[in-house]
Every structure is written in C-alpha cells, then in structure tokens.
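# Need the 3D shape of this:
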Amino acid sequence: MTGCFGIRDANTKNTASTAGHTAGDVENVYKDKYDPEVTITTVWGVDPELKFKRGETIENNIATRWAKEQFGIHIQSLWSITDTNGAYGTKLRLSMASGQKMPEVVTVGASDITIAQDLIDSGLYAEVGSMFDKYASSTWKKAMAQDPNVWNQYSRGGKRMGIPVLDYAYNHDYILWIRQDWLTKLGLKAPETIDELEQVMEAFKYHNPDRLAPDQVTPLSIGFKTTMNTWMGDPSWIFGAYGTLPQQWNLGANGKLEYGSVNDGSKQGLAKLKEWLAKGYIPQEAALWDENKTAEPAVAGTAGMIPGPYWMSGWPLRDTLIHAPDAVWAPIKLPAGPGGTVMRHGTSYNNGVTLISRTMKHPEAFFTYQNYLFDHYADPVPGSKLDNGLFSGYDYQLDSTGNRIANDKISGGYVNSIRYLLVRDGARIPESQLQSLLHLASGAEPQTRLEKEAVVSYGPDTPAAAKVLLAQKDKSFKDMFTGPATETMKSRQDYLNKLESQTFNDIIYGIQPLSAFDTFAAAWKSGGGKQITQEVNEWYATVK
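Numbers count the residues shown, from 1 in each chain. Prediction:
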C-alpha cells in the first residue's frame, strides 16, 4: 500500500517545512516521505486477542512494512509484552524506574493513565503542543477541536505535554441490550422504569421461556471487579437512577464538582444492588467479574440483559446464536429511577495519549505518519485509496464485484491490523461514526468506509441501537474532571480507592450494613477527599 501522500493543508505543511521543530538541538524538516529513511523507536502492549498472519509479529508486519514503503519510516521496537493484568503499564513503569532506554514515541491507553502522567512528569518527554500546531494536518486539528478539553489532563502550566488519542463520540456510552425473544414469549414489554425492570428480571429467572432453571439464568449480567464505571456490564446507571454516577466527578447542584461515590444517591444504588444480589438478579460473582466476563452468560444464551455500547450486536452478542439459535437481542433505553431520573456515564473523546521523547531526532516523522491516517483513513472520501479499510486480506477483503465481504469470510481470517499502528485505533474523528450510523438508520445505502464497516463489522441492529443511544443523549454525563492528578490525589488516591472498593463490596454482599456508607463517606472526606475536592474545584474554576 504505497503511493502519494496527497494534498493537505498547504499553510500547515509550508510552515512545518520551513520552520521545523528543534528536539535534541537538531533542526528538522517535515516530509511526506523520508530519504534516507528515519527511525522511530516504540514499545508495544499487545492485546492478547490480537491475531497475526503469515508468521508476522508486532515488530514486523504489514503495518511496519507499510510505514517504511509509504513514508520512509523504520519503526523499531524496543520491547513488546502481552498486555494482560496491566503488564504493559507495569513494564513501562519499571523501564522508567530502572533507567532503561525509553521509546521515542509511546502511546498509553486510558486504562494506564496514571503511568502516562508519571511519564509526563519524568521530564523524559517533550512539550508537544507547538509540534501539533506546526505539523498536524487541518483534518487532525479539526478533529481535536471537537473537544478542546481533551488536552487538559496532559497539560502542565499551560504546556501541552501529550497528544490525546481521540475516540468516537458516545463510543463507550451504554444502552441496555435485552433478549427480545424472551420478552415476546412472556408477553412483556421493554421495561421503562426500575420497578418494571425488576418485574422482567423476576420473569426471566423464574418463568424462563427457554425452560432454563432459575439457577442457570442471569437476568442482568453486570460486574464490578475493577470499577463501578466502565463500558460493558456496567452497573453505574443503577446509581444513576438515584441521581449520581460513582467513580467520576459530577456537576453538583451548587455548580461545583463533587465525587459521585460519596453522593447520597450512591447509598441508594448500593441498596438496590444488595437487594438484586440477594434475589439472584445479578451474578453472585459480580465482584470478581470484569467486562469480558459479563459477556459470557450473554453469549451462552443464559443472560436476559446486559448493559453495553451500541455496537455490541456485532461483538460479542452475535455469538449468542451459536448457543441459542433463536435468540434475539434488542437495544432499549436505560430504565428510569424514582421521579424519572436517568444518568449514564458519557464517553470522553480521549482514549489515551501519545508522548514524544525530548531527544527524538525526527519528531516531525510521527506527524507524517499520523497526518496520513487522519487525512486518508479516519473518514475517507468514497472511492479513495483507504475507502474500504487499511490492509486488504487483514481488516477487509473485497469480493469479485468490489464489495466488502463479511469479516468472518476473509481468507485466512480477520485481523484487527489497526492495532499494529503506532496509535491505538489509528485515527478517529469523534463525531464521524455516529453520523455514519444515523445515515444508515435512515435507510440509506452504505457509501463511506465507516458506513461500509458498520454493515460488515457490526451487527445489523447497530444503526437502530445508535438511535436508541441518542434518544437519551441528554442523560449522558462525562467525568467533569479532566485535569492531571492533583497533589493530594498523588498521595491519597490509592488509599481512597481501596476504601471505596472494600466498602461498596461489603455492603452489596451483606458483610457490612448499608449504614457503613455514611461511615465511608465521612472517612473519604477526612482521609484526603475533602482536600481533593477543593483542588478539583480550583482546577475547574480555570477551565469552565
């Protein structure tokens, strides 16, 4: 996949070519292709589910060869590690602490954000805001401008120290997926309130249409092994029915930010989870279940509902048909609590950060690479080079008529080769995905790459699910604190998190009474939470 870079914003390119950026006392010139080639060193946290073809590895594959042929960029791996149980973040931290050679370009996902902050504060990585202003294409700049706050947590004293990795808007917001075939056979309608939800869960468990025994049925598949606020199997909307979202900073009635886990609504949410656990509505092992585990009973055909993103009908719910051929999943709105209250956590447009070393000889080369992806892959013009996907035979394949075939029909198997790229998910323009889905939901034929990808990669219910999601977009609330860790967070956050996790689990499992919440809230405030709240609001006053 070689060829010309194409035309991008002339003013940006000319400025970059003449002015350059000084890193390591070397003046650099932006090029579409480098001759002689330049090297970018990096490291990899490899998704354990990522597949490889033809003997390739993360160090040597179709994407690394493409970078060399397309741009004259040699991507050199310092190390790679299978990223299970936070192994990537741990190795990054150990490498930094032991003085090992650090990568010139490193991308850290949102789940490892604490390590990213430590890398920024280490002094090993450069201020990148001026580079972005100088080198980034207009397409990339416009995408970043869709939410200027994405820079906040990677900034220090007004200097932008890391380039945010953009995600699709609403990508990890969630709706409720329900077994419509069970509802229909029971003569029930989709629940609109928490009370109606309980009636449906009771029916699914004790009058199961597939004749499953009660102990075989998981009416609502959720888990909170690592967090109460996540992307699949998420229980935070249960708290949201009572007016708060745990483990994030929400805007309070007084106009200031408050930590949701110490809001009184969390006490009501815990009471409801305790009740549902006792009745067998949620998994008995919920405290040990992570996101992927919550999908297992759904795929096995034994779960009645699971909260998750609008794209779940493709993965993992499509596999339910293997075990329950008559299963029909349908997307529905989140049920309301007392007074009609609904809250769900909102997706940040930021899904991680890319850092650039202070000593990198050719930082402009990273922008050559990433500009191409934003200009030609993020939302390409129909009929253009990357209109169907990134690498033929990996993430897409065309039939004899030039149409994309289903991913599971690709010769040798589908490979998510986008994860071979320097930046997680390649390049995403936040608002582009939902625009494509709404276009499909109107009955239009797929035309753009994103539309064609939705048809073959996601389930057929995805466009309709996107409409359900947007029907409650005013119920979506992002974490309002997007700044770097405050001083007290650095010293007290781990302790407070452990206190919260232990107390919440103890209440749900009946080890402590519900009144333990009040003791926890007081201990959280006196143990550093009150000071953190003050620091968070001091930060908020500078950005609101």
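
# Can you give me the buried ones in stretch 61-78?
Across stretch 61-78, burial judged by 16 or more other CB atoms under 10 Å covers 61-64, 66-67, 70-75, 78. The way it works is simple: take the backbone N, C-alpha and C, and place the C-beta from them, glycine included.

# no no, stretch 201-219
201, 203-205, 208-210, 212, 217-219.

# Using TSV, lay out the buried residues of stretch 61-78 together with pLDDT, distance to residue 37 and secondary structure.
Shown next, in TSV, are these (pLDDT from 0 to 100; distance: CB to CB, whole Å; DSSP: H, G, I helix; E, B strand; the rest coil):
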residue	pLDDT	distance to residue 37	secondary structure
61	98	17	coil
62	98	18	helix
63	98	16	helix
64	98	12	helix
66	98	13	helix
67	99	10	helix
70	98	11	helix
71	98	8	helix
72	98	4	coil
73	99	7	strand
74	99	5	strand
75	99	10	strand
78	98	18	strand
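
# Between those, which sits nearest residue 311?
residue 63 (23.3 Å; CB to CB).

# Residues contacting the biggest helix by length in the chain, please?
The residue-count maximum for a helix in the chain (DSSP state H) belongs to helix 487-508. Residues outside helix 487-508 that contact it (CB atoms under 8 Å, 6 or more residues apart in numbering): 224, 228, 246-247, 261, 270, 273-274, 277, 286-287, 485, 511-514, 516-517, 519-520, 523-524, 527-529, 531-532, 535.

# what is the mean pLDDT for it?
For helix 487-508, mean pLDDT is 97.

# CA atoms of the helix or strand just after it as PDB?
Later in the chain than helix 487-508, the nearest helix or strand by DSSP states H and E is helix 516-524. Output of helix 516-524 as PDB, limited to C-alpha atoms (Å, rounded to 0.1, in the frame of the first residue of the first chain):
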ATOM      1  CA  ALA A 516     -21.500   1.700  56.500                       C
ATOM      2  CA  PHE A 517     -21.800   4.000  53.500                       C
ATOM      3  CA  ASP A 518     -22.200   7.000  55.800                       C
ATOM      4  CA  THR A 519     -19.000   6.000  57.700                       C
ATOM      5  CA  PHE A 520     -17.200   5.500  54.400                       C
ATOM      6  CA  ALA A 521     -18.300   9.000  53.100                       C
ATOM      7  CA  ALA A 522     -17.000  10.600  56.300                       C
ATOM      8  CA  ALA A 523     -13.700   8.700  56.200                       C
ATOM      9  CA  TRP A 524     -13.300   9.500  52.500                       C
END
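
# Report all helices and strands that the helix or strand following helix 516-524 contacts.
Sequence order places helix 530-543 as the next helix or strand after helix 516-524, per DSSP H and E. If contacts are counted by 3 or more CB pairs under 8 Å, 6 or more residues apart in numbering; DSSP states H and E, helix 530-543 sits against strand 257-259, helix 487-508.

# which residues of the stretch 51-200 of the chain fall in strands?
Ranges of strands in the stretch 51-200 of the chain, per DSSP state E, counting those that start in this stretch, are 73-82, 105-109, 155-156, 159-160, 163-166, 175-179.

# can I get those strands in JSON lines with distance to residue 347?
Shown next, in JSON lines, are those (distance: least, CB to CB, whole Å):
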{"stretch": "strand 73-82", "distance to residue 347": "27"}
{"stretch": "strand 105-109", "distance to residue 347": "14"}
{"stretch": "strand 155-156", "distance to residue 347": "21"}
{"stretch": "strand 159-160", "distance to residue 347": "22"}
{"stretch": "strand 163-166", "distance to residue 347": "11"}
{"stretch": "strand 175-179", "distance to residue 347": "13"}
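
# how about these, which one is nearest residue 252?
Among the strands of the stretch 51-200 of the chain, strand 155-156 comes nearest to residue 252, with 24.5 Å by CB to CB.

# what sits up against that closest one?
Outside strand 155-156, the residues touching it (CB under 8 Å, 6+ apart) are 120-121, 129, 161, 483-484.

# which of the residues you listed are buried?
120, 129, 161, 483-484.

# What is the nearest of the residues you listed to residue 542?
Looking across those and measuring by CB to CB, the closest to residue 542 is residue 483, at 8.6 Å.

# What residues does the closest one make contact with?
Neighbour list for residue 483: 152-153, 155, 536, 539, 543 [criterion: CB under 8 Å, 6+ apart].

# doesn't it fall inside a strand?
No - using DSSP: H, G, I helix; E, B strand; the rest coil, the assignment for residue 483 is coil, not a strand.

# Could you list the domains of this structure?
Residue ranges for the domains of the chain, per automatic domain parsing: 10-166+351-376, 175-345+478-487.

# Point out the most buried one among these.
domain 175-345+478-487 (a mean of 20; mean count of other CB atoms under 10 Å).

# now the end-to-end length of it.
36 Å (CA to CA, to the nearest Å).

# And stretch 175-184, by the same measure?
Criterion CA to CA; first-to-last residue distance in stretch 175-184 is 20 Å.

# quick one: average confidence on that stretch?
Averaged over stretch 175-184, pLDDT sits at 98.

# Then stretch 235-250?
Computed over stretch 235-250, the mean pLDDT rounds to 98.

# Same check on stretch 397-404?
pLDDT averaged over stretch 397-404 gives 93.

# where's residue 342 relative to residue 471, distance?
Residue 342 sits 11 Å away from residue 471, going by CB to CB, to the nearest Å.

# Oh, that last question was meant for residue 340, not what I typed.
In terms of CB to CB, residue 340 sits 14 Å off from residue 471.

# cool, residue 459 as well?
Taking CB to CB, one finds residue 459 at 19 Å from residue 471.

# more crowded one of the two?
When neighbours are counted by other CB atoms under 10 Å, residue 459 comes out ahead of the other of residue 459 and residue 471, with 20 against 11.
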